[in-house]
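In: Sequence first, predicted coordinates after that:
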Amino acid sequence: MNGLELVKGGKEFCDWFGSTPSFHDAEVLSLHLDRARPTRLTIHTWRMTNKVEDGLFVLEQHVVVTFCLDAVSDCDLSGFNHQNVIDGVEIEEVPNGLKLSLRDCFGLYGSLVARSIRIEFEPGNPNGR
């Protein structure tokens, strides 16, 4: 696992997804830093199948995942732009909470440390496709 088992709602999300998503080639839709309320990081991800249509792999199980980070104490982020594709998400325990890392691909990457993290998710494609 990539640390989702450390996050409140992580098991339920993985059960719904049918496995532990890697977030490979997922896209960061938004990041809202807030010093008084939970910081919200919203990512669109899916499961890639081995089926091909029109020269492209068929994607299924689209979902919009929001990581809600309570009491962010460290933020090291770079590269935000018009499209923020990540190579993956990793969550690990650190002395003052949990560290969520976005692996670099194109656009936003880096890490956030928070006292705790929970997951909210909404099945579907944010682009309406």
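Out: Received, thanks.
In: Spatially central residue in this structure, please.
Out: The centre of the chain sits closest to residue 43, judged by CA atoms, centre = their mean, with a distance of 4.8 Å.
In: Quick one: list the elements packing against the helix or strand where that one lies.
Out: For residue 43, the element it lies in under DSSP states H and E is strand 39-53. The helices and strands touching strand 39-53, judged by 3 or more CB pairs under 8 Å, 6 or more residues apart in numbering; DSSP states H and E, are strand 27-32, strand 56-78, strand 109-123. Placement of C-beta: from N, CA and C, glycine included.
In: Any chance of a markdown table for these, columns mean neighbour count and distance to residue 20?
Out: Output for the helices and strands packed on strand 39-53, formatted as a markdown table (neighbours: other CB atoms under 10 Å; distance: least, CB to CB, whole Å):
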| stretch | mean neighbour count | distance to residue 20 |
| --- | --- | --- |
| strand 27-32 | 16 | 19 |
| strand 56-78 | 15 | 12 |
| strand 109-123 | 17 | 12 |
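In: confidence score at the residue lying farthest from the centre of the chain?
Out: Within the chain, the residue lying farthest from the chain centre (CA atoms, centre = their mean) is residue 54, at 27.8 Å. pLDDT for residue 54: 92.
In: And for the one 4 residues further on?
Out: pLDDT, the model's per-residue confidence, is 83 for residue 58.
In: Now do the contacts for residue 109.
Out: Residue 109 makes contacts with 77, 78, 79, 86, 102, 103, as judged by CB atoms under 8 Å, 6 or more residues apart in numbering.
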